[in-house]
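Enquirer: A predicted structure for the sequence below; I have some questions about it.
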Amino acid sequence: MKKNKLINYIEILKKENLILEENISNELKEKIINNVTYDSRDVINNTLFICKGSKFKIEYLENALEMGAIAYVSDKEYKVKDKPYIIVNNIRRAMALLASLYTDYPQKEINMIGLTGTKGKSTTAYYIKYILDDYMNDLNKKETAILSSIDTYDGKERKESVLTTPETIELFKHIRNAVDSGMENLVMEVCSQALKVERVYGILYKIGVFLNISEDHISNIEHKDYEEYISSKLKLFEQTETAIINLNTDELDRVLESAKKSKKIITFGNTENADVYGYNIRKEGMNTVFDVRTKYFEDEILLTMPGLFNVENALAAIAVVTELGVPYKNIYNGLKKARASGRMEVYSDKKQEVVVIVDYAHNKLSFQKLYESTIKEYPKREIITVFGCPGNHAQNRRKDLGELSGKYSNMNYLTMEDPRNEDPEEICKEISTYIKKENGKYKIVLDREEAIKEAILEAKPNSVILITGKGNETVQYVKGKYVPCETDVQCAKKYLKELDKKSK
């Protein structure tokens, strides 16, 4: 990457009228910046250090200066012996601009594809990746980079994700890695929080997808109300060339009006006026089959990943890749092979008397779609649900998921699901009040593996067990720490084997 002088960083902040005050000598302005970071542990000689976040402590800045930071950027001055500083009026926007310059604007060298919505982002991202990978393989080119809530792959690094959308500096580094690895496409989830705090500021998406909207992420640390939530998601169109819109989403008129900020709009859905129209949806064995009509072709699509609601996600992916010029053959092949870890993974005992579905469903819209699909795909089976709700945020889920599970599930096992600093038992008790209002049955089993074990081993023949909320995640977030745990998939497989032994 090209290295820039400190004056270059100052100039891009001045260009957007972000600087309130600076204390930088002319001599210092000529220094080459070797690193830009907000983490004092990453500081090297000649680092430009960023002070950000509500939990920031002056000790972090003092450590950074001791380790080699030559100046800091902040939204306020800290008393650190007259050290050089740049005070800005928007630290988040400033950080995005600094990260973009530091990584030499990699977003301009790759097809950026951004997805937002209340549900389906991860699955759709992987549908797009599978299709593009099939196409790029035919061209002897590199696979597609992905930044999702499941995992991250940028050509140089592959890891389980912690944030849906990475923090700004990490995000731009991932994009740079993808470009340097020879990748031509990057697909990423863009969450409402990232848009709210301008984590993706400075990125122009070649394609931006709006999947759906339903009330979620309302809390004192996320969005204060539904209006802020949807307004944050709609910001994606302010930095999108081609907007792709689901005609079946709630708030459609508002979404379409906001999408006019993009140069071009493409629609998808199961209504005939959609640009990408899905119809004749049917089950063939364990597979989902449907017909799709685009301006380029009209033909059949086969999904081997379960869930009737995934047709909508597949249509979104088809809309994206046809805009990128991908042929039908690669679309068909990619979707046929497509999988998303921890999303609609189906297992059963040898007799197929007990079916287990592991899915990431964790909010009202995803729970509603999961139950609707399960009832259609597994008629006359008893439904058992294993789930919890997170601590400290998205507290509306406790009511929403409690009511839905109480209505649709024959039995519910309430368990731990990233309680953060809250008491997991109190979270479960709160959920249970809404289950009881729907005359539903429940049991609180805080140990998540024990809850899954009991649900499977106590299940009657002809049952389907829904294990939701964690998928293939390997940690629980408890009291500010990530604690290792068995994944829901691992637990499902383990206790289905035990069930097989019992039934011999």
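Expert: Happy to help now that I have it.
Enquirer: confirm that Phe268 sits in a strand.
Expert: Yes. Looking at Phe268 with DSSP: H, G, I helix; E, B strand; the rest coil, it is inside a strand.
Enquirer: dig out what it forms beta bridges with.
Expert: Asn246, Val276 (DSSP bridges).
Enquirer: dump the residue contacts of it.
Expert: 244-247, 274-278, 312, 315-316, 318-319 (CB atoms under 8 Å, 6 or more residues apart in numbering). Any C-beta I mention is one placed from the backbone N, CA and C, and that applies to glycine too.
Enquirer: what's stretch 390-404 in contact with?
Expert: Applying CB under 8 Å, 6+ apart, the contact partners of stretch 390-404 are 215-219, 221-222, 362-364, 367-368, 371, 387, 389, 417-422, 424, 427, 430-435, 437-438, 477.
Enquirer: just the buried residues out of those, in PyMOL syntax.
Expert: To isolate in PyMOL the members of the contacts of stretch 390-404 that are buried, counting by 16 or more other CB atoms under 10 Å, one can use:
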select buried, resi 215+216+217+218+222+362+363+364+367+368+371+387+389+417+418+419+420+422+424+427+430+431+432+434+435+477
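Enquirer: among the contacts of stretch 390-404, which lie within strands?
Expert: Counted as lying in strands by DSSP state E, out of the contacts of stretch 390-404, are Phe387, Tyr477.
Enquirer: so can I have CSV of the contacts of Phe268 showing neighbour count and pLDDT?
Expert: Formatted as CSV, these follow (neighbours: other CB atoms under 10 Å; pLDDT from 0 to 100):
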residue, neighbour count, pLDDT
Ile244, 28, 98
Ile245, 26, 98
Asn246, 26, 97
Leu247, 19, 97
Ala274, 22, 98
Asp275, 19, 98
Val276, 25, 98
Tyr277, 19, 98
Gly278, 21, 98
Glu312, 26, 95
Leu315, 29, 98
Ala316, 30, 98
Ile318, 28, 98
Ala319, 25, 98
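Enquirer: dump those to TSV, plus distance to Asp291.
Expert: Converted to TSV, the contacts of Phe268 look like this (distance: CB to CB, whole Å):
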residue	distance to Asp291
Ile244	20
Ile245	21
Asn246	18
Leu247	17
Ala274	13
Asp275	15
Val276	12
Tyr277	9
Gly278	7
Glu312	15
Leu315	11
Ala316	16
Ile318	12
Ala319	15
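Enquirer: what's the closest of those residues to Thr164?
Expert: Closest approach to Thr164 among these (CB to CB): Ala316, at 17.0 Å.
Enquirer: and that closest one, what element?
Expert: According to DSSP states H and E, Ala316 maps onto helix 310-323.
Enquirer: moving C-terminal from that helix, which element do we reach first?
Expert: Sequence order places helix 328-337 as the next helix or strand after helix 310-323, per DSSP H and E.
Enquirer: show me what counts as buried in that following helix.
Expert: Across helix 328-337, burial judged by 16+ other CB under 10 Å covers Tyr328, Asn330, Ile331, Tyr332, Asn333, Gly334, Leu335.
Enquirer: the helix holding Ala316: how far from the chain's middle?
Expert: Taking CA atoms, centre = their mean, to the nearest Å, one finds the center of helix 310-323 at 17 Å from the center of the full chain.
Enquirer: now it and helix 328-337, what's the angle there?
Expert: Interaxial angle, helix 310-323 versus helix 328-337 (axes from the mean of the first three to the mean of the last three CA atoms, to 10 degrees): 150 degrees.
Enquirer: convert the C-alpha atoms of helix 310-323 to CSV, please.
Expert: Output of helix 310-323 as CSV, limited to C-alpha atoms (Å, rounded to 0.1, in the frame of the first residue of the first chain):
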residue,chain,number,x,y,z
ASN,A,310,-35.2,-19.2,1.1
VAL,A,311,-36.9,-18.7,-2.3
GLU,A,312,-37.0,-15.0,-1.5
ASN,A,313,-33.3,-15.0,-0.7
ALA,A,314,-32.5,-16.9,-3.9
LEU,A,315,-34.4,-14.4,-5.9
ALA,A,316,-32.4,-11.6,-4.3
ALA,A,317,-29.2,-13.4,-5.2
ILE,A,318,-30.4,-14.0,-8.8
ALA,A,319,-31.1,-10.2,-9.1
VAL,A,320,-27.6,-9.4,-8.0
VAL,A,321,-25.7,-11.8,-10.2
THR,A,322,-27.7,-11.2,-13.4
GLU,A,323,-26.8,-7.5,-13.0
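Enquirer: and it, what does it pack onto?
Expert: Counting contacts by 3 or more CB pairs under 8 Å, 6 or more residues apart in numbering; DSSP states H and E, helix 310-323 is packed against helix 121-138, strand 205-210, strand 240-246, strand 264-269, strand 276-284, strand 287-293, strand 298-303, helix 328-337.
Enquirer: the inter-axis angle of it versus strand 240-246?
Expert: 150 degrees.
Enquirer: give me the below-cutoff pLDDT ranges for the stretch 201-350 of the chain.
Expert: 215-221, 223 (pLDDT under 70).
Enquirer: ok, the chain next?
Expert: Where the chain drops to pLDDT under 70, the residues are 215-221, 223, 504.
Enquirer: care to break it down by domain?
Expert: 6-102, 106-337, 345-502 (automatic domain parsing).
Enquirer: to the chain's geometric centre, what's the distance from the last one?
Expert: Taking the mean C-alpha point of domain 345-502 and that of its whole chain, the gap between them comes to 20 Å (CA atoms, centre = their mean).
Enquirer: phi first, then psi, for Phe145.
Expert: Not Phe; residue 145 is Ala. Dihedral pair for Ala145: phi -80, psi 150, per degrees, to the nearest 10.
Enquirer: quote the end-to-end distance of stretch 333-344.
Expert: The first and final residues of stretch 333-344 sit 19 Å from each other (CA to CA, to the nearest Å).
Enquirer: cool, and stretch 16-29?
Expert: With CA to CA, one end of stretch 16-29 sits 19 Å from the other.
Enquirer: tally of neighbours for Ile12?
Expert: 16 (other CB atoms under 10 Å).
Enquirer: and it, how far from Ser25?
Expert: Remark: distance between Ile12 and Ser25 (CB to CB, to the nearest Å) = 19 Å.
Enquirer: and what of Asp154?
Expert: Here the criterion is CB to CB. By it, Asp154 lies 37 Å from Ser25.
Enquirer: which one's more surrounded, the two?
Expert: Asp154 (22 against 11).
Enquirer: what residues are up against the more buried one?
Expert: By CB under 8 Å, 6+ apart, Asp154 lies in contact with Ala145, Leu147, His174, Ile175, Asn177, Ala178, Ser181, Met183, Leu186.
Enquirer: residue contacts, the closest residue to Ile19 other than its chain neighbours?
Expert: Of all residues not flanking Ile19 in the chain, Leu13 sits nearest, at 5.1 Å (CB to CB, 6 or more residues apart in numbering). Contacts were defined as CB under 8 Å, 6+ apart; by that measure Leu13 touches Ile19, Val73, Ile86, Val88, Ala94, Leu97, Leu98.
Enquirer: how about Asp104?
Expert: Residues in contact with Asp104 (CB under 8 Å, 6+ apart) are Met1, Lys2, Arg176.
Enquirer: can you get me a residue count around the first one?
Expert: Counted with other CB under 10 Å, residues neighbouring Met1 total 10.
Enquirer: gap between the nearest residue to it once chain neighbours are set aside and Asn4?
Expert: Sequence neighbours aside, Asp104 is the residue nearest to Met1 in space, at 4.8 Å (criterion: CB to CB, 6+ apart). According to CB to CB, Asp104 stands 9 Å off from Asn4.
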